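Participant: Need coordinates for the below:
(2 chains)
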Amino acid sequence: MTRLMHVTSGPYAPPVPRRELTALSADGTRLHVEEHGARDAPAVVLAHGWCCSTAFWAPVIRQLAPDHRVIAYDQRGHGRSPAGGDGSYHTATLADDLGAVLDAALAPGEKAVIGGHSMGGMTLMAAAGRPYLRDRAAAVLLCSTGSAHLVPESRVVPLRARALRSAAQRALLVSRLPMGPVTPLSKKVLGPAILGRGATPAQIEASARIVFASPRKPRGAWGRVLATLDLDAEVARMPVPAAVVHGSADRLTPVRLARKIAGLLPDCAGFTELDGLGHMTPIEAPYAVAEVLRGLVRDHLGGRAVGAEAAAEAAGRAEQVEQVEKVEKVGKVAEGADEQEAVKKEEAGA
Amino acid sequence: MTREHVRVAVIGAGFGGLGAAVRLRREGITDFVVLERAGALGGTWRDNSYPGCACDVPSHLYSFSFAPHAEWPRTFSGQEHIWDYLEQVADIFGVRQHIRFDHEVRSIRWDDDELHWEVDTAQGELTADVVVSATGPLSDPKVPDIPGLDTFPGKVFHSARWDHDVPLGGRRVAVVGTGASAIQIVPSIQPEVSRLTVFQRTPPWVLPRVDRAISAPERWLHTRAPATAKLRRGILWGIRELQVQAFTKHPGELGFVEGLAKRHLGRAVKDPALRRKLIPDYRIGCKRILLSNDYYPALAQPNVDVVASGLREVRGSTLVAADGTETEADALIFGTGFHVTDMPIADRIKGRDGTTLAETWGDGMEALRGASAAGFPNLLTIIGPNTGLGNSSMILIIEAQLNYLADFVRHLDRLGGPGGPGGRVALDARPSAVRDWNERVQERMKRTVWNTGGCDSWYLDANGRNTTVWPGTTSEFRKVTRKVHMEEYEVLRPGSGKAAAARRGAEAVR
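Facilitator: Below is the predicted model:
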């Protein structure tokens, strides 16, 4: 698990979850899951990307919280979820994990809109063939992600020569070297690689703190998975409507990767290209990402019975499983980190 | 029914009121109360809980000299830390026992026979020899009278009365005003809202804020060697003292600072149309100079609109700007400042001849050395007329005024005091002294950037007179408030009052 070094105040600080739970994945790995927002509201599940954590979704959670039940979880080896065994570094494991999270957080029969950013989007692609996705997802969002050929397509290393650039980018992906502290210099290097030119200092700071918190070993191991990724066939059998959102100035996963995904999808529910934005679209333009999620909820989840009945069921189930409910302290976001630490999780059902 | 009588009644438990309480105890006076309208202390730093609220004066300077705080977490600390600091001051100096919470002062009236103030509070009456009005200039929110505001279906609130129960996430929000509060609110809510519209009548000048966390070694050093905290404060103070001349005497020298501010704007805002809206057309310093690193970047975000015009009218959920621009909004936030030149407490204070302080100040606030108004004996205002600062810490001014308060009470004791040899006594500022003082202040004001910079600001009252800012350095102010000059006051004794005189006159006729 990682050190929690995300920003602790301001709009990019993680809000205090309404409740926290643990999802037990197929291989026994315990995943940290948070629930935010309104209790009796349509559910949105968010899966973050490589080198991120639930903290990454903070501004999107703030956007949606007043009228959605927002569930975010830490991918294994990220945030507060432990890394799996050495043999678990496959996209199929990510799909297992998502299934476990949906089982833990949603009521039986309850559907959700599921959004994945970068490796979280790849998680959704990898889950395309799983029965649970058809059952659980009303629609999905593939945000700033790619399905294959990341290493040659990326433009992170500013080298013209394709072979050299690929080699350098592969080395970066699989690197287990420590990234060191968040300094003005490291932000200058990281900022332009993952954010667009219009990014604010607060966005760069928040992103850097999230990325730099990722532990070295899972970072390198998951990077190796990304380097050899090929999920084109999975994208082509996505069982539910999928919207695509991408930054036009994304250097990590250039926008042509997203265009390809949109072309492969059997039911593309919209392609949104955000002008001038980089790879961290949920941080750079949370309002735009949230608007697409809202649209998916309205168009594909709106008619479903997601009212009090389902929520009551979910609440009943939640008690069975574990966790302490918390009333969110209004207006004191800065204290969030400490309070989260203080939340005692009862580990039942293990 | 006998009313409680105290030597001193202090109105307000913010920086000014708490400072007065600490100072009175140091003077050996324990027979005093602090009347607080709310249920908690902290004043402005309790009321302003909007997201991003922080002080724009460095914390090591924005604190009492008698209560240094080695643990300031940031160079510019946030509201919650400043509020915590005030709570600590109240405990460390044992003044909490004097505070009466939920005691809003409804009226205070001078009794010329008894030579004391009759104070009517929400929880009963009391009398006091001396009243210290420490209600503060930034305590009563000012919301402009906008036609149709009552037709707005969404939530409406002022920055200093932030409604934390109103969810802004994913909503269309409008902020009216671009002052010190608004520029902290805008970057704090921009990522959370779907659309943010900022109504700007006049753009502010904004400089970078050199804000950083104060490191653990620094805090350790300040704890172990308090002289280092003192030195830090001294440097912060000295820099600001040296800046004052430019504001008060040579506004022309501020030109190069405008260059810094323009570069600051240029770095964050690339869109020429937006940049044009944000460049002020008046001399920097005329309105308060604001410090922020994230205001301009937030305005440049695609979900933000800057309407370079005031809010003229509300038609349901449609906001109409003075230039005709129409905007839809779900929530409306007023960052429109406070009743500064028309302090509401002035309506509740009745002096010797029965007129209120507000009536006396009808043509503009004026008081002797920022504290005493003529006709209002034994009443001292903390942060009174012409005591404000454009560039430094108001705590310095408050402490100077507390010196004046201490000397004022000492003079009362010497001349008479309760049970003293001379009997009861009161001091009323002579109108001529008040006039002389204000003529001097206004003469100096003529050259200052606040009066010559070509802007309308909250420093100026309805008549365009600057009745809020001190046109000098803080050390000058400290010097002129070190002692009470007795020649500036009339000494009132029992029987010298107007009511008594009238009674004597009536008896004589009979």
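Participant: Sticking with the closest residue to chain A within the stretch 251-400 of chain B, tell me its helix or strand.
Facilitator: With C-beta to the nearest C-beta, the shortest gap between the stretch 251-400 of chain B and chain A falls at B:P297, namely 3.6 Å. For the C-beta atoms, the positions are set from N, CA and C on the backbone; glycine is no exception. Using DSSP states H and E, B:P297 falls within helix B:295-299.
Participant: mean confidence score for that helix?
Facilitator: Helix B:295-299 shows a mean pLDDT of 97.
Participant: neighbours of the residue of the stretch 251-400 of chain B closest to chain A, just the number please.
Facilitator: Neighbourhood size, B:P297 [other C-beta atoms under 10 Å in any protein chain shown]: 21.
Participant: Hmm, A:G85 is touching A:D27, no?
Facilitator: Yes. The pair A:G85 / A:D27 is scored as a contact, 7.0 Å apart, by C-beta atoms under 8 Å.
Participant: Among the two, which residue is more densely surrounded?
Facilitator: Higher neighbour count among A:G85 and A:D27: A:D27, with 14 against 10, using other C-beta under 10 Å.
Participant: Contacts only, for that one.
Facilitator: A:84-85, A:88, A:93, A:96 (C-beta atoms under 8 Å, 6 or more residues apart in numbering or on different chains).
Participant: how about the residues you listed, which pair is most distant?
Facilitator: Among the contacts of A:D27, the pair separated by the greatest distance (C-beta to C-beta) is A:G85 and A:D96, at 12.8 Å.
Participant: Leaving out chain neighbours, which residue sits closest to the residue nearest the centre of chain B?
Facilitator: Closest to where the C-alpha atoms of chain B average out (C-alpha atoms, centre = their mean) is B:P137, at 3.4 Å. Once flanking residues are discounted, B:P137 sits nearest to B:V340: 4.6 Å by C-beta to C-beta, 6 or more residues apart in numbering or on different chains.
Participant: Low-confidence ranges, the stretch 351-500 of chain B, go.
Facilitator: B:417-423, B:496-500 (pLDDT under 70).
Participant: isn't A:V113 right up against A:A47?
Facilitator: No. Checked against C-beta under 8 Å, the pair A:V113 and A:A47 is beyond contact range at 11.9 Å.
Participant: and the closest residue to B:R352 other than its chain neighbours, backbone torsions?
Facilitator: Spatial nearest neighbour of B:R352, excluding adjacent residues (C-beta to C-beta, 6+ apart): B:G375 at 5.0 Å. Note on B:G375: backbone dihedrals following degrees, to the nearest 10 are phi 90, psi 0.
Participant: list the contacts for B:G375?
Facilitator: Contact analysis of B:G375 by C-beta under 8 Å, 6+ apart lists B:351-353, B:355, B:360, B:428, B:431.
Participant: OK, contacts around the residue lying closest to B:G453 once chain neighbours are set aside?
Facilitator: Nearest in space to B:G453, with sequence neighbours left out and distances taken as C-beta to C-beta, 6+ apart, is B:C286 at 2.6 Å. If a contact means C-beta under 8 Å, 6+ apart, then B:C286 has B:449-450, B:452-455, B:457 as its contacts.
Participant: With adjacent residues omitted, what lies nearest to A:S118?
Facilitator: Using C-beta to C-beta, 6+ apart, the nearest residue to A:S118 is A:G49, at 2.8 Å.
Participant: Give me the three-state assignment for the one you found.
Facilitator: Under DSSP: H, G, I helix; E, B strand; the rest coil, A:G49 falls in the coil class.
Participant: quick one: A:W222 and A:W50 touch, right?
Facilitator: Yes. The pair A:W222 / A:W50 is scored as a contact, 5.6 Å apart, by C-beta under 8 Å.
Participant: Could you tell me which residues touch both of those two?
Facilitator: Common neighbours of A:W222 and A:W50 are listed as A:M119 (criterion: C-beta under 8 Å, 6+ apart).
Participant: Those two: who's more crowded?
Facilitator: More crowded of A:W222 and A:W50, by other C-beta under 10 Å: A:W222, with 25 against 22.
Participant: Tell me the spacing between that one and B:A321.
Facilitator: Using C-beta to C-beta, to the nearest Å, one obtains 50 Å as the distance from A:W222 to B:A321.
Participant: ok so, going back, OK, contacts around the residue nearest to B:P137?
Facilitator: By C-beta under 8 Å, 6+ apart, the contact list for B:V340 reads B:137-138, B:458-459, B:468.
Participant: all helices in the stretch 51-200 of chain B, in order from the N-terminus.
Facilitator: With DSSP state H, counting those that start in this stretch as the criterion, the stretch 51-200 of chain B has helices at B:79-92, B:182-189.
Participant: Looking at these, spot the one closest to A:A167.
Facilitator: Set against A:A167 and scored by C-beta to C-beta, the helices of the stretch 51-200 of chain B come closest in helix B:182-189, at 40.5 Å.
Participant: packing partners for that closest one?
Facilitator: strand B:172-176, strand B:195-199, helix B:295-299 (3 or more C-beta pairs under 8 Å, 6 or more residues apart in numbering or on different chains; DSSP states H and E).
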